[in-house]
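Peer 1: My questions concern the predicted model and sequence given below.
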Amino acid sequence: MGVYEELIKANIEVRHGEPMALHTSFRIGGPAELFILPKTLEELVQALALLRARGTEARVLGKGSNLLVNDQGLLGAVISTEKLTGSAISGNLVHAAAGESLTALSRKAGERGLSGLEFAYGIPGSVGGAVVMNAGAYGGEMRDVLTSVQVLTPQGEIRELDADQLAMGYRTSCIEKEGYIVLSARMKLTEKPREEILALMEKNMNARREKQPLEYPSAGSTFKRPKGYFAGKLIMDAGLGGMSVGDAQVSEKHCGFVINRGHATAADVNGLIGLVQERVREQFGLELECEVRRW
Ligand SMILES: Cc1cc2nc3c(=O)[nH]c(=O)nc-3n(C[C@H](O)[C@H](O)[C@H](O)COP(=O)(O)OP(=O)(O)OC[C@H]3O[C@@H](n4cnc5c(N)ncnc54)[C@H](O)[C@@H]3O)c2cc1C
């Protein structure tokens, strides 16, 4: 029996050759050999144990909003956290499952008069992805509110780690390096008038609509901010706004975003990323590091 059959037998939802373009905000990516959708933590743990026993590589997918998946597709398994949702709020403490929408969670907290996640309103990721990336915006980031995270280790052990054990830095944490899977996250927020919180969220969202090319598929900021600079400004100053490879384009609205104008492939996006890095290096002697994860 293959892994696919074993998963079916265990009653765990699995698809063969699922197009990753359906699961990434870039709308790009070839088929995943196995696409697994656990509904519970037990199913997730069981699926991983089956994959480990077979030596099948497993990648974890949140909302795919910081990912570029290659056009040929992926061997092995992609485990989606899409169905691992839910959150509970008690006093000013929040506990959210990895697959929960970060924007929905920040809205829910705001409605309850809990402040701290205003920055996250409009970030289209999952809670798990936001912890891994230490997602941030408008002066806030996940590490400001995170108290602890429940992870599954590569050995299949469930552990609760304090936020200060996660080496959270600018768009980074130790989670990827350690091969942990985030199962859930705990956050501590502060009480504040609900109207104030919701007004700030609206203000942030309006700033996004005004400045970001939200009308096109993308993965948000393509590059990290080099120390002391803004990637978008460097790219604009290098005259690269609007530069294209195939249907991938440096957004003219916000040069820090590479957008998919319709039928861009991963090869187009990668080609454009390479060109932008080369031109910025030539003109300013600076290295632009990719923020987007590439599979
Ligand atoms: C329009 C737009 C605007 C954006 N604005 C911002 C912004 O303001 N600030 C910001 O920081 N980001 C922003 N992003 C990028 C993105 O939304 C964030 O990086 C987000 O945190 C990614 O979460 P995700 O669930 O989509 O992760 P994915 O893209 O699915 O995955 C990203 C990485 O995290 C890993 N991962 C995901 N879930 C887990 C898990 N449970 N356990 C272990 N590893 C996991 C994946 O393997 C992958 O390596 C934006 C993106 C878009 C498209």
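Peer 2: All right, it came through fine.

Peer 1: what about stretch 230-250 and the ligand, any contact?
Peer 2: No - shown here: stretch 230-250 not in contact with the ligand (C-beta under 6 Å from any ligand atom), separated by at least 12.3 Å. For glycine as for every other residue, the C-beta is placed from the backbone atoms N, C-alpha and C.

Peer 1: which other residues reach that stretch?
Peer 2: Residues from elsewhere that reach stretch 230-250 (C-beta atoms under 8 Å, 6 or more residues apart in numbering): 221-226, 251-252, 254-265, 267-269, 271-272, 275-276, 279-280, 283-284, 286, 288.

Peer 1: Among those residues, which lie within helices?
Peer 2: Among the contacts of stretch 230-250, the members falling in helices (DSSP state H) are 267, 268, 269, 271, 272, 275, 276, 279, 280, 283, 284.

Peer 1: what about this protein, any weak spots by pLDDT?
Peer 2: Low-confidence regions of the chain, defined here as pLDDT under 70, do not occur.

Peer 1: Give me the domain ranges for it.
Peer 2: Residue ranges for each domain of the chain read 3-80, 87-197, 215-294, as given by automatic domain parsing.

Peer 1: Same list (the ones you listed) but as TSV, adding mean neighbour count.
Peer 2: Formatted as TSV, those follow (neighbours: other C-beta atoms under 10 Å):
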stretch	mean neighbour count
domain 3-80	19
domain 87-197	19
domain 215-294	18
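
Peer 1: so which of these comes closest to residue 207?
Peer 2: Taking C-beta to C-beta as the measure, the domains of the chain were each checked against residue 207, and domain 87-197 came out nearest at 7.5 Å.

Peer 1: Distance check, the closest residue to residue 229 other than its chain neighbours against residue 68.
Peer 2: By the measure of C-beta to C-beta, 6 or more residues apart in numbering, the closest residue to residue 229 outside its immediate chain neighbours is residue 286, 6.6 Å from it. Using C-beta to C-beta, to the nearest Å, one gets 22 Å for the distance from residue 286 to residue 68.

Peer 1: Return stretch 164-184 as CSV; C-alpha atoms alone will do.
Peer 2: Extracted C-alpha coordinates of stretch 164-184, given in CSV (Å, rounded to 0.1, in the frame of the first residue of the first chain):
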residue,chain,number,x,y,z
ASP,A,164,11.6,34.0,23.5
GLN,A,165,12.8,30.5,22.4
LEU,A,166,11.8,31.2,18.8
ALA,A,167,14.7,33.6,17.8
MET,A,168,12.2,35.9,16.2
GLY,A,169,13.8,38.6,14.1
TYR,A,170,12.9,40.7,11.0
ARG,A,171,10.6,38.3,9.0
THR,A,172,12.3,35.3,10.6
SER,A,173,12.2,32.8,13.4
CYS,A,174,14.0,29.5,14.1
ILE,A,175,10.9,27.5,13.2
GLU,A,176,11.9,26.7,9.6
LYS,A,177,15.5,25.9,10.6
GLU,A,178,14.4,23.5,13.3
GLY,A,179,11.8,21.9,11.1
TYR,A,180,9.0,22.6,13.6
ILE,A,181,5.4,22.7,12.6
VAL,A,182,3.3,25.3,14.4
LEU,A,183,0.1,23.8,15.8
SER,A,184,-1.2,26.8,17.7
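
Peer 1: Just the residues contacting it, thanks.
Peer 2: Under the contact criterion C-beta under 8 Å, 6+ apart, stretch 164-184 has outside partners 41, 44, 48, 60, 79, 84, 95-98, 127-128, 131-136, 141-143, 146, 149-154, 158, 224-225, 291.

Peer 1: Could you do stretch 60-70 as well?
Peer 2: Counting contacts by C-beta under 8 Å, 6+ apart, the residues touching stretch 60-70 from outside are 20-21, 23-26, 28-30, 78-82, 98-99, 101, 123-126, 128-130, 132-133, 181, 219-220, 266, 269-270, 291-295.

Peer 1: In helices, which of those residues appear?
Peer 2: Applying DSSP H to the contacts of stretch 60-70, the entries found in helices are 128, 129, 130, 132, 133, 266, 269, 270.

Peer 1: Please, where are all the strands along the stretch 1-150 of the chain?
Peer 2: 13-19, 31-37, 58-61, 67-68, 74-80, 87-90, 93-97, 114-115, 136-137, 140-141, 146-152 (DSSP state E, counting those that start in this stretch).

Peer 1: Right, I'll call it a day here.
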